[in-house]
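[1] 3D, please:
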Amino acid sequence: MNQDTSTARRFVSVAVLTVSDSRTLQTDTSGDYLQAALEQEGHQLGDRKLVIDDVYLMRAVVSAWIADPAIEVVLTTGGTGFTGRDSTPEALAPLFDKRIEGFGELFRQLSFDEIGTSTVQSRCLAGLANNTAIFCLPGSTGACKTGWQGIIRQQLDSTHQPCNFVQHVAKKTS
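    Okay, here's the model as predicted:
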């Protein structure tokens, strides 16, 4: 893929959703980390919310962001495990136009070095919907760091070669 690297780096608008039955915005270290990391890279926080682990609440928030022309990327944290209420994959996968299959695979590969075989219990996933990239990370701050530093940061860098997701999340017009 030939890309013009002479153009200036383009930054994106990112929404952050924390899925948790026990955290509040004041105790949300994972959401705090993701917000700080994306802003440190020069991206803009478009919105931030926290919802309980409920399929329909998650879908409502993320669907609104997918429809919003100002939101180009959604990062979620939480709800990707195997406990009874973990339901982020079930909630958000049906919204995807296309799945980003390699995201979960690469995340688990990177995570293996940190937590060993426990990484098989991560059901993190990613996809594209209406020119919006959606990355669903586990709820721990460590997992958010792994996902951001090991994958998402580079994929949201419009100068990263040979490809990145910024080209797929062009601003939508109303």
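[2] who's in contact with F135?
    Going by CB atoms under 8 Å, 6 or more residues apart in numbering, F135 touches 73-76, 100, 103, 124, 126, 147, 151-152. Every C-beta, even on glycine, is put in place using the N, C-alpha and C of the backbone.
[3] by neighbours, which of the residues you listed wins?
    Ranked by neighbour count under the definition other CB atoms under 10 Å, those are headed by T76 with 31 neighbours.
[4] where in this protein is pLDDT low?
    Per-residue confidence of the chain (counting by pLDDT under 70) places the weak regions at 1-6, 171-174.
[5] ranges for the strands of it?
    For the chain, strands defined by DSSP state E occupy the ranges 13-19, 44-51, 73-77, 98-99, 125-129, 132-137.
[6] I'd assumed D47 was in contact with Q35.
    No - here Q35 does not reach D47: they are 10.6 Å apart, not a contact under CB atoms under 8 Å.
[7] Q40: neighbour count?
    What Q40 shows, counting by other CB under 10 Å, is a neighbour count of 9.
[8] now do the helices in the chain.
    Using DSSP state H, the helices of the chain run over 29-40, 55-67, 88-92, 101-115, 141-147, 153-155.
[9] nearest to G81, of the ones you listed?
    Shortest separation from G81 across the helices of the chain is recorded for helix 88-92, at 9.0 Å, computed as CB to CB.
[10] next, the buried residues of the closest one.
    Using 16 or more other CB atoms under 10 Å as the test for burial, helix 88-92 gives 88, 91-92.
[11] just to revisit the earlier point, so for T7, which of the helices of the chain sits nearest?
    Counting by CB to CB, and looking across all of the helices of the chain, nearest comes helix 153-155 at 17.5 Å.
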